[in-house]
Every structure is written in structure tokens, then in C-alpha cells.
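*Asks:* Sequence plus predicted model, see below.
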Protein chains: 2
Amino acid sequence: MSKGFLVVISGPSGCGKGTICKELLKQNDNLIFSVSATTRKPRIGEVDGKNYFFIDDKKFDDMVKNGEFLEHAYVHSNRYGTPKKFVLDNIERGKIVLLEIDVQGALQVKRVYPEGVFIFLLPPSMEELKNRIVKRGTETKEDIDLRLKNALEELKFVDEYDYLVINDKVDNAVKKIEAIISAEQLKVKRHKDILKKINIQEG
Amino acid sequence: MSKGFLVVISGPSGCGKGTICKELLKQNDNLIFSVSATTRKPRIGEVDGKNYFFIDDKKFDDMVKNGEFLEHAYVHSNRYGTPKKFVLDNIERGKIVLLEIDVQGALQVKRVYPEGVFIFLLPPSMEELKNRIVKRGTETKEDIDLRLKNALEELKFVDEYDYLVINDKVDNAVKKIEAIISAEQLKVKRHKDILKKINIQEG
């Protein structure tokens, strides 16, 4: 069996990465979602090891110290990280692991795991990005301005990624990412076992 | 408009590259077939500039000398070559140029134009490859043995390629190559114009 690989879906806040990942997982059995570790308390209905790995600060510190995260960050005074072991174990089992993450996180992952497939998801325009952020209705004017400013900054890092997908419609973006995954599965570097596979019997 | 790119479909004799290319061209308007130059005489119905560029030995020599071929070779005492200009002009116009070629030719192309997308097409097994060659019915026992021996030799060059597609069924192989082409179109390196595209208006 061939090894799997890591697919990082990333992009500015409001680009729609959450929706795209949900659709991808719904439609593709060979994908598995990368479960994050966090120090925040579980909300009602959240299951340890499924929604998150819920751990305390001491454990989080140890994991950071031992290099057990692909990336980690503070968000609203809680800590979040991507456990390396979960990702690598699933890749070893032939799974394609999907990691949904912001641009800062993706750049961290790339530094320690450049073998991943890095996809930058873009809104069709900055106007549309603004609409999407405003529509959430949960943000103040200052928050919206900050998010747009960050999005512009984050666009500068698109060169660090392998693929660029414009999220004009969810279905289109999902199909494009499925094509990327299919193509990546066909890369020669993922089939070092091929000479065996085709039953070569010399002589 | 983004630039196009070159897709090289290659593999051992009997892997089915001719059939696959025909299907790809039939189903995809954005593809254009790379027209070879040859010193052999046109057969009835063959059109200059469509089936081949029919040229004489003197012209062929000049083109070789001036580095105007991506690759060239002798086949049955005629000469064949892939004119660089045809390929590069079409890429500049945003076209995806399809080049069907044997393994030796593909390796030549890669040396002068590594920016191409190199796809190695494989029969599902050596047994099946033999069946396909035998079925043509045009080959002697010695020809068949030679082709199989060559196929085994050529497999050793699969590492020089980007993608590996097993041609178990024409439809499957065509879909896989279409996915590769879709993914390649989404590569960040092909979209250096992206910051303009999304209409960034700072400040």
C-alpha cells in the first residue's frame, strides 16, 4: 500500500475553508480530518479525540518542549496545536489527512513538514471577503477592518503554497481540491513501489 | 490570461499512449496536440501543419543545428522532431500542449524543457503489455521480444517523470490525466498575476 499525505487547506479568515473542508470530508472516504489539541474546556457535545484532544497546560507545555506539534498558537487565551503523531500515523496507514488552518499556522507546518500539499484558498474578490465577514454579524467595525488588513498581509505568503484555489462557489472549489488530491496520488514520488507492483519478471 | 504548459504523455510501446491522447483531445477543448516535423513523405490525406510539418533533410539539419527541436530522432530511416516554436507559441497563448512521445524522446524533452509536466503511462502488467503488442499482429516474435525488453529498460526511467498513470481502462486513465491537468492549472507558480486578479485596493 502507498503512504498517504498531508493536505493543508489554508487562507485568510472568511475565505470559506471550514465549509470546503466539511464538504470534502462528506464526499471523500479516503480523507481524515486532523484533530487539534487544545487547552480550552470541552463544550457540550464535544468528544475528546474526535473534535479535539482536550489537554491541560502542563501537557501542552510538554508537547511543545518535545516537538510533538506541527504548529501551535494562542487564540483568545486558549492554546491550540496540531499533534504530529496523529498526522504521521494516519499518513503511514495510507490516509490523506486534511488540515484546516490559518496562514500563520500553515507557514509553521511548512517549516517542519514541507512534504505536505499546501493549498491557498482565496475568496473571489476582497469585496466578497468583506461581505462574508460582515454577514457573520459577530464582528465589530474594528474587527472587520482588522480581518481585512490581515487578509491583505496574508496574501503575500501565497508563494509559499503549492496550489491556489479561488472559492467562487463551494462545489467548484471542492472539485478543484479533489482534482489536486487525485493528481497528488499519481505523483511518481508516492509510488516508489511501482516496479514491484507491475510484476516485473526479468529474464 | 495565464500561460499554458506542456504535458508530455509517454511510456513504453504498447502502453496505449496514442489512444489516450486521442480521447483527451476529443474531450478537452483547451488541449492542443504538438505537431511533429518529419522528413518522410506525406501519406494520402495527411495535411502539412496538421498531421506533421513535412520538411526536407536540409531544413531538418538546419533546425537541429539552430536548436529548434525539443527532441528529434531517427525512426525507420526517417527523421522526426518536435519543433520548439510550435510548443512555446501555444503555451504563450495560454494553451495546454499535449506531446505524445516514447521514453527516449521524453527524456530529451526534459533535458531542454524541464518545466513540462511529464506523465509516464503504464500498462496494468507486463503480461497485459505483451498481449497488447501481440494483438497488433504486425510484429514478429523477435520484434515482440525486443519491445518487451525495451519496455523493461524504459521502466527504469520512471523516476524522471512527475506522474505515473496506470492504463487499466482508457476512461480511467483519461480521467486521471484530466485531474493532473486541472491540478497543474491551479499551481501557484502558474498564477504570478494573482494579486492583480483579486483586485486588491489597499488603503
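*Replies:* Right, received. Where do you want to start? Numbering: from 1, shown residues only, chains lettered A, B, ... in the order given.

*Asks:* Could the C-alpha coordinates of stretch A:166-185 be exported in CSV?
*Replies:* The C-alpha atoms that make up stretch A:166-185 are tabulated as CSV, following Å, rounded to 0.1, in the frame of the first residue of the first chain:
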residue,chain,number,x,y,z
ILE,A,166,-10.4,30.5,-5.8
ASN,A,167,-13.5,29.8,-3.7
ASP,A,168,-16.2,31.3,-6.0
LYS,A,169,-18.7,28.5,-5.4
VAL,A,170,-18.3,25.8,-2.8
ASP,A,171,-18.9,23.0,-5.4
ASN,A,172,-16.3,24.4,-7.8
ALA,A,173,-13.7,24.8,-5.1
VAL,A,174,-14.4,21.2,-3.8
LYS,A,175,-14.0,19.8,-7.3
LYS,A,176,-10.7,21.6,-7.8
ILE,A,177,-9.3,20.3,-4.5
GLU,A,178,-10.4,16.8,-5.3
ALA,A,179,-8.5,17.1,-8.6
ILE,A,180,-5.4,18.3,-6.7
ILE,A,181,-5.7,15.3,-4.4
SER,A,182,-6.2,12.8,-7.3
ALA,A,183,-3.1,14.3,-9.1
GLU,A,184,-1.0,14.2,-5.9
GLN,A,185,-1.9,10.5,-5.5
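
*Asks:* Now do that stretch: everything it contacts.
*Replies:* A:2, A:5, A:7, A:9, A:11, A:15-16, A:19-20, A:23-24, A:27-28, A:31, A:96, A:117, A:119, A:121-124, A:163, A:165, A:190, B:163, B:176, B:178-180, B:182-184, B:186, B:198 (CB atoms under 8 Å, 6 or more residues apart in numbering or on different chains). For glycine as for every other residue, the C-beta is placed from the backbone atoms N, C-alpha and C.

*Asks:* same question for it, mean pLDDT?
*Replies:* Averaged over stretch A:166-185, pLDDT sits at 96.

*Asks:* Tell me the buried residues in it?
*Replies:* A:166-167, A:173-174, A:176-185 (16 or more other CB atoms under 10 Å in any protein chain shown).

*Asks:* Now, these that are in strands?
*Replies:* Per DSSP state E, strands hold the following members of these: residue A:166.

*Asks:* Just put the buried residues of stretch A:166-185 in TSV and tack on distance to residue A:35.
*Replies:* Formatted as TSV, the buried residues of stretch A:166-185 follow (distance: CB to CB, whole Å):
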residue	distance to residue A:35
A:166	28
A:167	24
A:173	23
A:174	21
A:176	25
A:177	20
A:178	22
A:179	26
A:180	22
A:181	19
A:182	24
A:183	26
A:184	22
A:185	23
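
*Asks:* correct me, but residue A:52 touches residue A:39?
*Replies:* No: judged on CB atoms under 8 Å, residue A:52 makes no contact with residue A:39 at a distance of 9.8 Å.

*Asks:* Let's see which of the contacts of stretch A:166-185 end up in helices.
*Replies:* If you go by DSSP state H, these have A:19, A:20, A:23, A:24, A:27, B:176, B:178, B:179, B:180, B:182, B:183, B:184 in helices.

*Asks:* What ranges in chain A fall below the confidence cut-off?
*Replies:* Along chain A, segments meeting pLDDT under 70 span A:1, A:193-203.

*Asks:* let's see it at 80
*Replies:* Chain A contains residues with pLDDT under 80 at A:1-2, A:126, A:129-130, A:132-139, A:192-203.

*Asks:* Break down it into its strands, ranges please.
*Replies:* For chain A, the strands defined by DSSP E occupy A:5-10, A:31-33, A:36-38, A:52-54, A:69-75, A:78-83, A:96-101, A:117-122, A:163-166.
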